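Trainee: Quick one, fold the following:
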Amino acid sequence: MNSPNFTRRQVLRLAIPALGGAFLDDKLLAKPAALDRPLFSFGLLGDPQYADVDPAGSRHYRASLGKLKACIARLNQEDLEFVVTVGDIIDRDFASIAPIMKVYESLKAEHRSVLGNHDFSVNNQFKAKVPAALGMNARYLSDTRKGWRFIRLDGTELADYAHPQGSPRYKETQQNLQTLRASGGEQTRSCSHGIGDQQMAWLRRELEDSAAQGQRALIFNHFPAMRKGTPVRSWNSRELVTLLEEHKHTAAYFNGHHHAGRYHAHEGIHYLNVKGMVETAKDTAYAIVRAYPDRLEIHGFGTEPTRDLKIR
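Mentor: A predicted model of the protein is given here:
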């Protein structure tokens, strides 16, 4: 005799009453649609480093305009909440900002910048103008959409190159550097970067508030913050990582700076260093991130790998 073939729905109708259910709503029988449909999607890229100069080694600065145009044409085919560039939009010179920001204007979605070290490779009189020129009304920002908190950090805050010489903030970075050298910090070069106490306190408040509201958090910064595996961390990245890992609703940390890219997971947080778009003559590098209740799907283009990152 052949065994009867029961459908999943029939099995559940038989089993659930035996478990004490008085009735069975058809919604419980259906496959959770939320797991198949993203909550939202956004574009992600790093280090275009545009400048109207000839290539140097593997970096093709002038080619980044064409790569970015092709990237945006593809991103415009998607329904995206926003697009984030995790720093180094330009390589040098304040005059480089206008041409590449003109390309970003063709995006259908909102563009969000994160400050990188090369963005401040401009003459001293232009340094204070860089954030506004990149479309930022503050150096670090956050907002909430669809139950998620999106936090953009300023990893250049403690770097002397990111502030006009002679300004109060520049003098503060010099004092901080002296303290760092005296304490034997990890990186004591004059361009050592990091996040200041005020921003760190702000980040803690953002994480506590998002946790209290039942939101997940995504973090964006230019510099890596992994516990291991990269020599280009900010000098206080261990403090930053410790703070992030204290908050279990932090899902991922996205950054650029290290053009070769890198991935690491620790304490339930995915640390993804995206590859640099400026690298190679023709290959591009960017991604579309699709967020689901249980995972982040990273759909990579060009040299950027595709990944499926499970989240808590």
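Trainee: can I assume Arg290 sits in a strand?
Mentor: Yes. Remark: Arg290 belongs to a strand, assigned using DSSP: H, G, I helix; E, B strand; the rest coil.
Trainee: So in terms of bridging, what pairs with Ala265?
Mentor: Here Ala265 sits in beta bridges with His270, going by DSSP bridges.
Trainee: Surely it touches Leu272?
Mentor: No. Using Cβ atoms under 8 Å as the test, Ala265 is too far from Leu272 to be in contact (9.3 Å). (Each C-beta comes from the backbone N, C-alpha and C, glycine too.)
Trainee: So which of the two has more stuff around it?
Mentor: Leu272 (25 against 13; other Cβ atoms under 10 Å).
Trainee: This protein - how does it break down into domains?
Mentor: 1-30, 36-310 (automatic domain parsing).
Trainee: Tell me which of those sits most buried.
Mentor: domain 36-310 (a mean of 18; mean count of other Cβ atoms under 10 Å).
Trainee: can you tell me the distance between the two ends of it?
Mentor: Start and end residues of domain 36-310 are separated by 14 Å (Cα to Cα, to the nearest Å).
Trainee: pLDDT score for Gln225?
Mentor: Quick fix: residue 225 reads Ala, not Gln. On pLDDT, Ala225 comes in at 86.
Trainee: does it sit in a helix, a strand or a coil?
Mentor: coil.
Trainee: pretty sure it contacts Leu240?
Mentor: Yes. With contact defined as Cβ under 8 Å, Ala225 reaches Leu240; the gap is 5.1 Å.
Trainee: joint contacts of Ala265 and Leu272?
Mentor: Leu309 (Cβ atoms under 8 Å, 6 or more residues apart in numbering).
Trainee: Lowest-scoring secondary structure element of this protein by mean pLDDT?
Mentor: helix 26-29 (a mean of 36; mean pLDDT, DSSP states H and E).
Trainee: What's the mean pLDDT across the helix or strand just after that helix?
Mentor: Per DSSP states H and E, helix 26-29 leads on to strand 40-45 as the next helix or strand towards the C-terminus. Averaging pLDDT along strand 40-45 gives 98.
Trainee: What is strand 40-45 packed up against?
Mentor: helix 64-75, strand 82-85, strand 285-291 (3 or more Cβ pairs under 8 Å, 6 or more residues apart in numbering; DSSP states H and E).
Trainee: how about a cut-off of 6 Å?
Mentor: The contact analysis (3 or more Cβ pairs under 6 Å, 6 or more residues apart in numbering; DSSP states H and E) places strand 40-45 against strand 82-85, strand 285-291.
Trainee: Let me know the angle separating the longest one from helix 64-75.
Mentor: The directions of strand 285-291 and helix 64-75 differ by 30 degrees, with axes from the mean of the first three to the mean of the last three Cα atoms, to 10 degrees as the criterion.
Trainee: Not counting its own residues, what contacts strand 285-291?
Mentor: Applying Cβ atoms under 6 Å, 6 or more residues apart in numbering, the contact partners of strand 285-291 are 38-45, 71, 78, 275, 277, 296-304.
Trainee: Helices along the stretch 1-150 of the chain, start to end?
Mentor: For the stretch 1-150 of the chain, the helices defined by DSSP state H, counting those that start in this stretch cover 8-18, 26-29, 64-75, 97-104, 130-133.
Trainee: which stretches of the stretch 201-312 of the chain have low pLDDT?
Mentor: Scanning the stretch 201-312 of the chain for pLDDT under 70 picks out the ranges 226-235.
Trainee: Show me where it has its helices.
Mentor: So, for the stretch 201-312 of the chain - with DSSP H, counting those that start in this stretch - the helices run 237-245.
Trainee: how far is the helix or strand containing Leu180 from where the chain is centred?
Mentor: Per DSSP H and E, Leu180 falls inside helix 168-183. How far helix 168-183 lies from its chain's middle: 27 Å, per Cα atoms, centre = their mean, to the nearest Å.
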